[in-house]
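Student: Turn this into a structure:
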Amino acid sequence: MLNYLDKIKNTESGNFFLMAGPCAIEGEDIALRIAEKIISITDKLKIPYIFKGSFRKANRSKGSSFTGIGDEKALRILERIGREFGVSTVTDIHESNEAAMAAAYVDVLQIPAFLCRQTDLLIAAAHTGKVVNVKKGQFLSAGSMKFAVEKIKEAGNDRVILTDRGNTFGYQDLIVDYRGLPEMQSFGVPVVMDCTHSLQQPNQSSGVTGGKPELISTIAKAAIAVGADGLFIETHPDPANAKSDGANMLHLDLLEETLVKLIRVRQAIL
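Tutor: Numbers count the residues shown, from 1 in each chain. Reported below is the predicted structural model:
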């Protein structure tokens, strides 16, 4: 799998790699439709691709918010996408006992930002032997993420990715400090910019997180300009009716034109 990390970081096309898909697995038909659409785009543009979908959402403001369709059902959908389309897959885990369970179905285990300091969770993910993508906490500096990398490597796994998703700015906003991307790359791991969650507006009085999806392209262009290895983009064919995080997702119809522009930025800096 280390060769896999080398592959996504240093492709013949020189492109960044992409983690993209819906926030949560809402059902088999829509997940397959999203995967097929994204794969058709990334194949055409020669962008290495990892399908993203959370099998369950554990971090919700309201108890009534959608959390998932059932763990095993969602994980089997992720497994089917990986098998039928021949792509890697990534999903979040939230507790140590979920690591081995999810690893049986996906290629990459993702540690949510608010859990990036949870030592037992990081070690459990490392012990699966899967690639571990750790999202940087909104409350942490880029430099402090070296300790997350060390925990995973000391547990015997050097297959680590770090993802930036912005920093808390007041109670209801986030900002991105792009100095953090090269700083985290100095730890010897690929670094990804989460272009959708970094535009969230949390802690709304409605109990539903807001966002500024019109700025996704802006965040992504800046990340590519400073040398990000990959991008993380949540996308959906109908964000307004998505069951989770619709307020900050990119409409699926806009993905191709966005990626074409980003490839131009990438080519300009090579």
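Student: Need the per-residue pLDDT for Lys212.
Tutor: With respect to pLDDT, Lys212 scores 84.
Student: The nearest residue to it once chain neighbours are set aside: neighbouring residues, count only.
Tutor: The shortest distance from Lys212 to any non-neighbouring residue, by Cβ to Cβ, 6 or more residues apart in numbering, is to Leu199 (4.6 Å). Every C-beta, even on glycine, is put in place using the N, C-alpha and C of the backbone. Leu199 is flanked by 25 other residues according to other Cβ atoms under 10 Å.
Student: What does Leu199 show for phi and psi?
Tutor: The phi/psi pair for Leu199 (degrees, to the nearest 10) reads phi -110, psi 10.
Student: quick one, helices of the protein?
Tutor: With helices called from DSSP state H, the chain shows them at 2-9, 28-45, 71-85, 98-103, 119-127, 146-154, 180-185, 216-225, 255-269.
Student: In JSON lines: the ones you listed, plus mean neighbour count, distance to Leu174 and mean pLDDT.
Tutor: JSON lines is the format used below for these (neighbours: other Cβ atoms under 10 Å; distance: least, Cβ to Cβ, whole Å; pLDDT from 0 to 100):
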{"stretch": "helix 2-9", "mean neighbour count": "14", "distance to Leu174": "26", "mean pLDDT": "60"}
{"stretch": "helix 28-45", "mean neighbour count": "17", "distance to Leu174": "25", "mean pLDDT": "98"}
{"stretch": "helix 71-85", "mean neighbour count": "17", "distance to Leu174": "27", "mean pLDDT": "98"}
{"stretch": "helix 98-103", "mean neighbour count": "20", "distance to Leu174": "26", "mean pLDDT": "98"}
{"stretch": "helix 119-127", "mean neighbour count": "20", "distance to Leu174": "23", "mean pLDDT": "98"}
{"stretch": "helix 146-154", "mean neighbour count": "18", "distance to Leu174": "19", "mean pLDDT": "98"}
{"stretch": "helix 180-185", "mean neighbour count": "20", "distance to Leu174": "13", "mean pLDDT": "98"}
{"stretch": "helix 216-225", "mean neighbour count": "20", "distance to Leu174": "10", "mean pLDDT": "97"}
{"stretch": "helix 255-269", "mean neighbour count": "16", "distance to Leu174": "20", "mean pLDDT": "97"}
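Student: Using a markdown table, please lay out the ones you listed together with distance to Ser65.
Tutor: Formatted as a markdown table, the helices of the chain follow (distance: least, Cβ to Cβ, whole Å):
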| stretch | distance to Ser65 |
| --- | --- |
| helix 2-9 | 32 |
| helix 28-45 | 18 |
| helix 71-85 | 16 |
| helix 98-103 | 19 |
| helix 119-127 | 22 |
| helix 146-154 | 27 |
| helix 180-185 | 29 |
| helix 216-225 | 22 |
| helix 255-269 | 25 |
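Student: And those: which comes nearest Arg56?
Tutor: helix 71-85 (5.8 Å; Cβ to Cβ).
Student: name the helices or strands packed onto the closest one?
Tutor: Helices and strands touching helix 71-85, by 3 or more Cβ pairs under 8 Å, 6 or more residues apart in numbering; DSSP states H and E, are helix 28-45, strand 49-52, strand 88-92, helix 98-103.
Student: now for those, which one comes closest to Lys151?
Tutor: Closest to Lys151 of these is helix 98-103 (Cβ to Cβ; 13.4 Å).
Student: Alpha carbons of the closest one, in CSV - could you do that?
Tutor: This file holds the C-alpha atoms of helix 98-103, laid out as CSV (Å, rounded to 0.1, in the frame of the first residue of the first chain):
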residue,chain,number,x,y,z
GLU,A,98,-15.0,0.1,14.2
ALA,A,99,-11.5,0.0,12.7
ALA,A,100,-11.3,-3.7,11.9
MET,A,101,-15.0,-3.8,10.9
ALA,A,102,-14.6,-1.0,8.3
ALA,A,103,-11.2,-2.3,7.1
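Student: No further queries at this time; thank you.
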